[in-house]
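Got a sequence here, can you build the structure:
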Amino acid sequence: MSYSTAGPLRAVTLDDVRGAQKMLSGVARVTAMESSRHLSQLVGVPVYLKCENLQRTGSFKLRGAYVRIAGLLPEERAAGVVAASAGNHAQGVALASSLLGVHATVFMPKGAPLPKVSATRDYGAEVRLHGQVVDETLAAAQEHAARTGAVFIHPFDHPDIIAGQGTVGLEILEQCPTVRTIVVGIGGGGLAAGVAVAVKALRPEVRIIGVQAEGSAAYPPSLAAGRPVAIENPSTMADGIRVARPGDVPFAIVEELVDEVRTVTEGELSAALLLCLERAKLVVEPAGASPVAALLGGADGLGGLEGPVVAVLSGGNVDPVLLQRVLRHGMAAQGRYLAVRLRLADRPGALATLLGVLSVADANVLDVSHVRTDPRLGLTEAEVELHLETKGPAHCAEVRQALRDAGYTIID
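As a prediction, this is how the structure comes out:
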């Protein structure tokens with residue numbers, strides 16, 4: 001995803017964020033702050049979760065979108081607004097426009113998840129499906145803005161957007177006055193920049209750590225170069241932070257105020273999402289779980305942490321199909337899901353004998369598939385792939401050893 005900003009850069013101040021907070025009173029929820037005993041034990045200091053996944057529209061994006069649209073001149077409102085997004089920004093713009101009585105046109109990729117498309121329509125926007133990737137969708141939205149005079153609402157590269165997102169930082173300071181570290185996901189940088197502006201102005205000693213997905217990490221090379229740098233083909237399950245180039249406005253703020261930017265793997269994102277669901281009973285999308293992913297390595301993984309720590313769960317709009325895949329990926333990353341392939345004699349009772357071995361090993365069989373037509377197999381052989389539910393890495397090793405002891409050869 002690649003964006004550019006129009007107009008000169010303007011600094012975002014604490015007064016801007018406070019003004020945004022007043023504007024959002026009665027519009028955006030003051031989302032809950034929940035403690036996490038599991039993460040606290042893992043990190044060694046108190047950890048709290050700022051639950052923006054419970055915000056209206058399911059993410060923090062409503063905050064910035066509302067402030068941006070509310071600040072338009074009457075003639076700009078009359079022309080309507082346009083946005084491009086595959087999910088959270090689309091829904092934020094749609095609801096904000098509806099609340100303010102402004103017509104919104106939202107371009108979404110043709111492959112956008114149906115629940116997100118339906119939600120955007122339900123919030124009152126006119127949805128147009130265009131392009132296969134967000135870059136194509138963005139180009140269509142910008143062409144629409146140029147042709148109709150509608151105001152393009154950028155997802156992160158505008159001072160009003162950043163001021164709105166910064167209200168999350170003010171709430172963190174109100175809900176956890178003793179906070180020492182804030183961990184927040186970074187895509188284009190709007191949320192991290194806004195939080196940094198608010199927090200550093202009032203509590204400059206608070207450490208702010210940004211988190212990016214390893215396959216979509218544009219900030220580390222940009223910070224090294226001292227300017228926004230685009231990366232090619234960003235790839236991550238965390239679509240909320242899959243951005244190819246930092247925004248000009250947030251980059252300047254992140255470079256000055258954010259203490260560190262770290263990256264997390266897809267496996268860590270999956271494990272974090274699973275942890276949020278199981279331990280905190282919170283449905284969080286992969287981008288929203290990125291701060292938790294950064295904490296999974298413990299305090300040492302982040303160079304030591306001072307507590308209390310607040311991790312911002314930025315969104316909860318996860319497609320059910322993706323959620324199913326991510327949960328399975330997360331279980332595999334934690335050693336709680338094991339896939340094995342092996343060969344056995346193709347005769348009656350052979351599968352029952354194999355399942356008996358797995359039963360003794362206390363592995364729950366989720367799925368079994370047979371292959372009998374592979375030319376590599378002998379006439380009396382079959383290949384079986386098993387998907388098993390296990391209890392952790394040690395149990396996975398025990399199951400594999402039990403199969404070997406029973407005379408089966410595992411095919412890697």
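
Pull up the gap between Ala252 and Tyr123, please.
Distance, Ala252 to Tyr123, by CB to CB, to the nearest Å: 32 Å. In short, each C-beta sits where N, CA and C put it, glycine included.

Name the residue in the two with the higher neighbour count.
Tyr123 (23 against 18; other CB atoms under 10 Å).

Which residue comes closest to that one once chain neighbours are left out?
The shortest distance from Tyr123 to any non-neighbouring residue, by CB to CB, 6 or more residues apart in numbering, is to Ala94 (3.6 Å).

Name the secondary structure element that contains that neighbour.
Element membership for Ala94 (DSSP states H and E) is helix 88-100.

quick one: average confidence on that helix?
Taken as a whole, helix 88-100 has an average pLDDT of 96.

same check, this time on stretch 112-130
According to the model, stretch 112-130 has a mean pLDDT of 90.

For Ala311, list each beta-bridge partner.
Bridge pairing for Ala311 (DSSP bridges) gives the partners Leu49, Val183.

so how many other residues sit close to it?
29.

Same check on Leu114?
Neighbour tally, Leu114, other CB under 10 Å: 10.

same check, this time on the one 3 residues further on
Look at Val117: counted by other CB under 10 Å, it has 20 neighbours.

Longest helix in the protein, please.
Criterion DSSP state H: the longest helix present in the chain is helix 159-175.

got the buried residues for that helix?
Neighbour counts over helix 159-175 (16 or more other CB atoms under 10 Å) mark 159-173 as buried.

Could you do stretch 389-401 as well?
390, 395-396, 398-400.

Ala213 is in contact with Gly240, isn't it?
No: Ala213 is not in contact with Gly240 according to CB atoms under 8 Å; the separation is 9.6 Å.

what is in contact with those two at once?
Counting by CB atoms under 8 Å, 6 or more residues apart in numbering, the shared contacts of Ala213 and Gly240 are 286-287.

Straight-line length of stretch 15-35, end to end?
Stretch 15-35 has its terminal residues 29 Å apart, counting by CA to CA, to the nearest Å.

Check the offset of it from the chain's centre.
Taking CA atoms, centre = their mean, to the nearest Å, one finds the center of stretch 15-35 at 21 Å from the center of the full chain.

And that stretch, what's buried?
Buried-residue list, stretch 15-35, by 16+ other CB under 10 Å: 16-21, 23-24, 27-28, 31, 33.

Stretch 336-343 now?
Neighbour-count burial for stretch 336-343, with 16+ other CB under 10 Å as criterion, is recorded at 336-338, 340, 342-343.

where does this protein have its least confident helix or strand?
helix 298-301 (a mean of 60; mean pLDDT, DSSP states H and E).

Can you tell me the element Arg343 falls in?
Counting by DSSP H and E, Arg343 is part of strand 337-345.

Show me what that strand is packed up against.
Contact analysis of strand 337-345 by 3 or more CB pairs under 8 Å, 6 or more residues apart in numbering; DSSP states H and E lists helix 320-333, helix 350-360, strand 381-389, helix 393-405, strand 410-411 as its packing neighbours.

you'd agree Glu260 is up against Tyr219?
No: the pair Glu260 / Tyr219 is not scored as a contact, 10.4 Å apart, by CB under 8 Å.

can you tell me the helix or strand for Val106?
Going by DSSP H and E, Val106 is in strand 104-108.

Against which helices or strands is the following helix or strand past that strand packed?
The C-terminal neighbour of strand 104-108 among helices and strands, as given by DSSP H and E, is helix 114-122. Contacts defined by 3+ CB pairs under 8 Å, 6+ apart place helix 114-122 against helix 88-100, strand 104-108, strand 126-129.

For Gly111, give me its contacts.
If you count contacts by CB under 8 Å, 6+ apart, Gly111 has them with Gln132.

shared neighbours, Glu260 and Tyr219?
Gly210.

Poorly predicted segments of this protein, please.
1-10, 133, 298-303, 372-380, 412 (pLDDT under 70).

out of everything not next to it in sequence, what's closest to the residue nearest the centre of the chain?
Geometric centre of the chain, nearest residue: Ala287, 0.8 Å, by CA atoms, centre = their mean. For Ala287, ignoring the flanking residues on the chain, the nearest one in space by CB to CB, 6+ apart is Gly240 at 2.9 Å.

Wasn't that neighbour part of a helix?
Yes: secondary structure assignment places Gly240 in a helix (DSSP: H, G, I helix; E, B strand; the rest coil).
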